[in-house]
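Undergrad: Based on what follows, work out the 3D shape:
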Amino acid sequence: MYLRSLITFPVRIWLAGLPSDVAKAIMDMSAAEGLAPVFSVYDEMPETTEKPPACVLFPLAPGCADKARALGDEDTLLIGWRGKKEDSDTEEMAKVDDFWDAPEADMLPHYWKWAQEHIWRRCHAWLIHNWWQTTLNMVPDLMWYKNLAGLHLEVNNALARTVGKTVADCRGQRHGVVWGLKPEEYEEGERVCLESDMKVVQSGKLNIGAEQVLDNGEMRDLKTFKTPVFDKDGNIIGTAGVAQDITLLNRYHKKILDMAHKDELTGLSNRRFFYEYIAEYRKNQAVCIFSVDLDHFKEVNDTYGHKVGDDALKAVSEVLKFSFPTGVVCRFGGDEFLVLFLGSLSNDAAKDMAEVFLTRLRERFQSQEQFCRLTGSVGIAISHDMHYPIDELIKESDTALYAAKAAGRDCVRTAWETE
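TA: Numbers count the residues shown, from 1 in each chain. Coordinates of the predicted model:
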């Protein structure tokens, strides 16, 4: 392994109760690549230790293996030494990783080479596990590993914090338990999760998706990456997953879209949104355009100031949204507004809607002294030709609007009547 030339592990080796010539022979042997042995020689097994050894060599005497295991850890290599074969050694032999039958001097190097190879492999496995755990718990994304039955084998700290549990609480549990789903939600949640996992297993490839989860009473948007996990023979033995919390990203994206598509003052859709909407949804539908303009707006703006003028524009916006709830209401600029309807709308129905709007606008403006001179004029144009340019239709509604102003304002005119 290339790591052996790059990383050297200092390892503590205990020689406890071995013949002095054997202990000396082992310490005089060269260390394997990647290891730097630090020997401690004892006449008998020590009672305590501050740090567990990587390897302990000791006589196969009753009780020694248990004491060595207690002083070591799960990675400690235990090697029993037998000066001569005894039947009573069988129970002790079962407690060690290997035992040596007092090898000849020329065989001891082979025994010690075997031991160092096992020590290196355990050190290497610990290093890889440590790297994995460090990476797993360093990232803010949620990460997990599952078996084919859908049980969580491991999760990272970020996921555990999100679901309000410890990592240990999540191990061995299904999706519904980990996420704390209510009984009425559990079956559906498990079904959706298992379907997603099976899609990964069946395809044998990375799957990118989107999910929503409830976190402390708030819905969070997750972008998920799920991939199969294979064994040495290429068989799928489970899945691994990563989920990125994109809730804030989605909010920022929506805010940016709103800024691009909405008028800041009134909150209505703007000119850009209007043309994008037409391009996407018009298709072969009829189109009806209402052009709306305020009468005497400049006088009110000049007399009372821009703050009152802005309040007037907001008032018009509210009345427009209330009067045309199924239409696309846009502010085209200044005191010019436009309402769009796609689909069949008769001439009479369109004119009636505009009349109702002007009545409501009149009532709204009469309630405030600074607005009492304000009224509105409306021009309407309709086309059933899917190829008719939208700008030409807007021009026709504007022409009808000018006709309404010429007729004394505070009224409705239509393109078909103007013609």
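
Undergrad: ok, residue 29 - contacts?
TA: Applying Cβ atoms under 8 Å, 6 or more residues apart in numbering to residue 29 gives the contacts 108, 109, 112. From N, CA and C alone the C-beta is placed, and that goes for glycine too.

Undergrad: Recalculate using a threshold of 10 Å.
TA: Applying Cβ atoms under 10 Å, 6 or more residues apart in numbering, one finds that residue 29 lies in contact with 37, 108, 109, 112, 113, 116.

Undergrad: Per-residue pLDDT of it, please?
TA: pLDDT for residue 29: 95.

Undergrad: could you measure it against residue 409, distance?
TA: Distance of residue 29 to residue 409, computed by Cβ to Cβ, to the nearest Å: 107 Å.

Undergrad: Where do the domain boundaries of the protein fall?
TA: 2-136, 139-249, 262-418 (automatic domain parsing).

Undergrad: residue nearest the centroid of this structure?
TA: residue 244 (1.9 Å; Cα atoms, centre = their mean).

Undergrad: Got phi/psi on the closest residue to that one other than its chain neighbours?
TA: In space, and not counting its chain neighbours, residue 244 is closest to residue 223: 4.6 Å by Cβ to Cβ, 6 or more residues apart in numbering. Phi and psi for residue 223, reported as degrees, to the nearest 10, are phi -100, psi 120.

Undergrad: cool, and residue 100?
TA: phi -120, psi 130.

Undergrad: Isn't it up against residue 78?
TA: No: with contacts counted by Cβ atoms under 10 Å, residue 100 stays clear of residue 78, the gap being 11.7 Å.

Undergrad: Which neighbours do those two have in common?
TA: Between them, residue 100 and residue 78 share these contacting residues under Cβ under 10 Å, 6+ apart: residue 57.

Undergrad: quick one, what contacts residue 160?
TA: Here residue 160 is in contact with 137, 142, 144, 166, 167, 168, 169, 170, 171, 178 (Cβ under 10 Å, 6+ apart).

Undergrad: Is it correct that it falls within a helix?
TA: Yes: judged by DSSP: H, G, I helix; E, B strand; the rest coil, residue 160 forms part of a helix.

Undergrad: ok, the residue nearest to the centre of the chain to residue 274 distance?
TA: Taken as Cβ to Cβ, the span from residue 244 to residue 274 is 34 Å.

Undergrad: All the helices of the stretch 1-150 of the chain, residue numbers only.
TA: 20-28, 64-71, 89-93, 108-138 (DSSP state H, counting those that start in this stretch).

Undergrad: for those, which one sits closest to residue 41?
TA: helix 20-28 (5.4 Å; Cβ to Cβ).

Undergrad: Just the C-alpha atoms of that closest one, please, in PDB.
TA: Taking Å, rounded to 0.1, in the frame of the first residue of the first chain, the C-alpha atoms of helix 20-28 are listed here in PDB:
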ATOM      1  CA  SER A  20      14.600 -12.700  28.000                       C
ATOM      2  CA  ASP A  21      16.300 -14.000  24.900                       C
ATOM      3  CA  VAL A  22      13.100 -14.100  23.000                       C
ATOM      4  CA  ALA A  23      12.200 -10.500  24.100                       C
ATOM      5  CA  LYS A  24      15.700  -9.300  23.100                       C
ATOM      6  CA  ALA A  25      15.500 -11.100  19.700                       C
ATOM      7  CA  ILE A  26      12.200  -9.400  18.900                       C
ATOM      8  CA  MET A  27      13.400  -6.000  19.900                       C
ATOM      9  CA  ASP A  28      16.500  -6.400  17.700                       C
END
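
Undergrad: That one packs against which elements?
TA: strand 9-16, strand 35-42, strand 55-59, helix 108-138 (3 or more Cβ pairs under 10 Å, 6 or more residues apart in numbering; DSSP states H and E).

Undergrad: what's in contact with that helix?
TA: For helix 20-28, contacts defined as Cβ under 10 Å, 6+ apart pick out 13, 15-19, 37, 39, 41-43, 57, 81, 83, 100, 102-103, 105, 108-109, 111-112, 115.

Undergrad: Now do the buried residues in it.
TA: 22, 23, 26 (16 or more other Cβ atoms under 10 Å).
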